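A.B. asks: Sharing a model that was predicted from the sequence below.
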Amino acid sequence: MLQKEIQSICLFISSFLFLFCSTACGQTHQQNEVWLQAEHQAELNTVVLNNQSGLLPLKSLEATQIASVGFGNVYQPVLDSILNKYEKVATYNGDSYRAAVNLNALFDDLKFGNTLIITLTDAVVNDQKLIDFLTEVQSRKKLAVIYFGNGQNLAKLDKITAPLIWCSLNTPQSVTIAAEAVFGGIKVNNKLQRTFSAHYASGVGFSIDKVRLKYTVPEAVGLNADDLNKIDNIAREAIAEHATPSAVVLVVKDGNVIFNKAYGSHTYESTTPTKITDIYDLASVTKVSATTPTVMQLYDENKLQLDSTLKYYLAQTRAIADKKDIKLREVMLHQAGFVPFIPFYEKLKPGDHSTDSSALYTTKVADGYFLRKNYYHDVMWPEMLHSKVLTRGKYVYSDLSMYFMKEIVEGITSEPLDQYALEHFYKPLGMQTAGFNPRTRFSKDQIVPTENDTYFRKKLLEGYVHDQGAAMVGGVSGHAGLFASANDLAILYQTYLNRGTYGGVQYFKPETIDMFTAKQSDVSRRGLGFDRWDPESTTGYPSKQATPKTYGHTGYTGTCVWVDPQYNLVYIFLSNRVYPKVTDQLSTLRIRPRIQDAIYDAIKKSTPVN
């Protein structure tokens, strides 16, 4: 009988993880309503204790090494799954150590974790050795204890001075709430309703503010999951029409991830199904996800002035008449007069590259393709510096703009762009996959292939940037080269939507976000770095229902991110539409804008008309 109960619970957890972590909209509207009722009940029964230090919610995450240890909790996989949406968390089965009477081994195995999240239930709370283990841990490391069980047993935790999240219920909903409370995905402000011990007395309890994304169902923000089914049909149409072999769609409404679903396979021939955690080549979304935030932060710190000229930041431009007086503002608006792009790869000579790395050939462009040392410095950068300037003040979208901005910000920070972005944004925000050159950190299986390059590198591009110019500078450029998952982008763009704040940390001044994302040009729709809503588009850009406040960017590989402050909305679409070769089907079928409009339809259907 016990074995059947365990099997039943395991089946439930598997179903939960598939439905909740893959797509909130995979459940029916009625099921979602039932879930929300249980979740609300769990919220009412959750109290945060011992948080005098303010450890919870966890703040900036760049220096944290988090480990989660579960004791006696059948729903531990659910809790760990939610924790891992906020930050990479190492998981340990505490019960196996306890069964072996070897908590000392557990203590040693946790040596690399500086922040521990330990879960208890009534099944283990009477184990004095375990309590002694916790008291030792809290004296050595940052510790947060989560306890699901009868309040009468709180007295057994009187020696715990580390933050304690207590919920009288032990359900999938309660473990979800507890995991989100650790990171501030929800607001908690409940107090103990009765006294359980001198330490845990009536009226005791700490408040936690919502400072990060919450992962939930559309019904949590008043939408009906059934109204978002149109997204499935459009995404499947894209795959059926060979507009792209794969796609991931993510929607954030009111600070809640309400839809996150993967479609198709990595390639048309592949049996590898797309996952919501897959990593994509973002192409030009790099411009507003790496270079522009760096510019914004340096602007906040008065280290960069938009109305200063290139000659102030780039000494070589002082001798170039048509470059030296160009203002950074013009560069960020694509009004500097730069040519749209330079096809550097077409100018390569046989001696410029090799199939093997060596002291002479140091820049890796792809597997088995190495460019000669200093090629960018000796050939590419000088050609950009001396390239013809077209009409200044006219809008001409140019990749050269972000080549120049990369050089400028690296000169100011004395750090490579990829390193600066990782240290100042991606790690602190809890973005686990975002970065350049992902093959140095992730396996090919986690990275969605882009083009089968038959004209330059002569191979399938798996984890190497699709953009030829970015590849030739070693994968790190201001205009392309960034890879990330949809969830990572959701975190960054929610930070923008929050006007610079996330996780209780202010990354940008609100007025800086407002300025860079607003229309800043008299001759185009552009903001500073950001693309925006186009009032002159006959088909609607980025979609028919997007509002004038909408900002974001698209990427050549079939990606886009759009933020609409009027609806408190973030929309993310990732694909590899250039596989196996470049095709315009994604644009011809208007896949991205149609999905965006489907989201607006669902929102408007749920909003009563006054």
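C.D. replies: Right, received. Where do you want to start? Numbering: from 1, shown residues only.
A.B. asks: State the pLDDT value of residue 606.
C.D. replies: For residue 606, the model assigns a pLDDT of 87.
A.B. asks: Next one: it relative to residue 258, how far apart?
C.D. replies: Residue 606 is 11 Å from residue 258, where distance means CB to CB, to the nearest Å. C-betas here are computed from N, CA, C, even on glycine.
A.B. asks: Name the residues contacting each of those two.
C.D. replies: residue 223 (CB atoms under 8 Å, 6 or more residues apart in numbering).
A.B. asks: who's more crowded, these two?
C.D. replies: residue 258 (26 against 15; other CB atoms under 10 Å).
A.B. asks: Now residue 312: which helix or strand?
C.D. replies: Assigned by DSSP states H and E, residue 312 falls within helix 310-313.
A.B. asks: now residue 67
C.D. replies: Applying DSSP H and E, one finds residue 67 within strand 66-70.
A.B. asks: For that strand, name the packing helices and strands.
C.D. replies: Contacting strand 66-70 under the criterion 3 or more CB pairs under 8 Å, 6 or more residues apart in numbering; DSSP states H and E are the following elements: helix 76-86, strand 89-93, helix 94-99, strand 115-121.
A.B. asks: Save the ones you listed as TSV, and put in mean pLDDT and distance to residue 52 too.
C.D. replies: As requested, those are exported to TSV (pLDDT from 0 to 100; distance: least, CB to CB, whole Å):
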stretch	mean pLDDT	distance to residue 52
helix 76-86	97	23
strand 89-93	97	24
helix 94-99	95	26
strand 115-121	98	17
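A.B. asks: Reformat those as a markdown table; add mean neighbour count and distance to residue 157.
C.D. replies: Below are these laid out as a markdown table (neighbours: other CB atoms under 10 Å; distance: least, CB to CB, whole Å):
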| stretch | mean neighbour count | distance to residue 157 |
| --- | --- | --- |
| helix 76-86 | 23 | 18 |
| strand 89-93 | 18 | 20 |
| helix 94-99 | 16 | 16 |
| strand 115-121 | 24 | 8 |
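A.B. asks: among these, which is nearest residue 520?
C.D. replies: Evaluated over these, closeness to residue 520 peaks at helix 76-86, with 33.5 Å, by CB to CB.
A.B. asks: The closest one packs against which elements?
C.D. replies: helix 2-22, strand 66-70, strand 89-93, strand 115-121, helix 172-183.
A.B. asks: got the contact list for the third one?
C.D. replies: Contacting residues not belonging to strand 89-93 are listed as 65-70, 76, 80, 83, 106, 109-110, 112-113, 117 [CB under 8 Å, 6+ apart].
A.B. asks: Those, buried ones only, as a ChimeraX selection?
C.D. replies: In ChimeraX, this line selects whichever of those come out buried by 16 or more other CB atoms under 10 Å:
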select :65,66,67,68,69,70,76,80,83,106,110,113,117
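A.B. asks: Out of the contacts of strand 89-93, which comes closest to residue 266?
C.D. replies: Looking across the contacts of strand 89-93 and measuring by CB to CB, the closest to residue 266 is residue 80, at 25.8 Å.
A.B. asks: Could you find the closest non-adjacent residue to the closest one?
C.D. replies: residue 91 (4.8 Å; CB to CB, 6 or more residues apart in numbering).
A.B. asks: ok, that neighbour to residue 454 distance?
C.D. replies: Counting by CB to CB, the gap from residue 91 to residue 454 is 43 Å.
A.B. asks: Convert the C-alpha atoms of the strand holding residue 67 to PDB, please.
C.D. replies: Output of strand 66-70 as PDB, limited to C-alpha atoms (Å, rounded to 0.1, in the frame of the first residue of the first chain):
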ATOM      1  CA  ILE A  66      23.400  27.900  -3.100                       C
ATOM      2  CA  ALA A  67      22.700  24.300  -2.000                       C
ATOM      3  CA  SER A  68      19.300  22.800  -1.200                       C
ATOM      4  CA  VAL A  69      19.000  19.900   1.200                       C
ATOM      5  CA  GLY A  70      15.700  18.100   1.700                       C
END
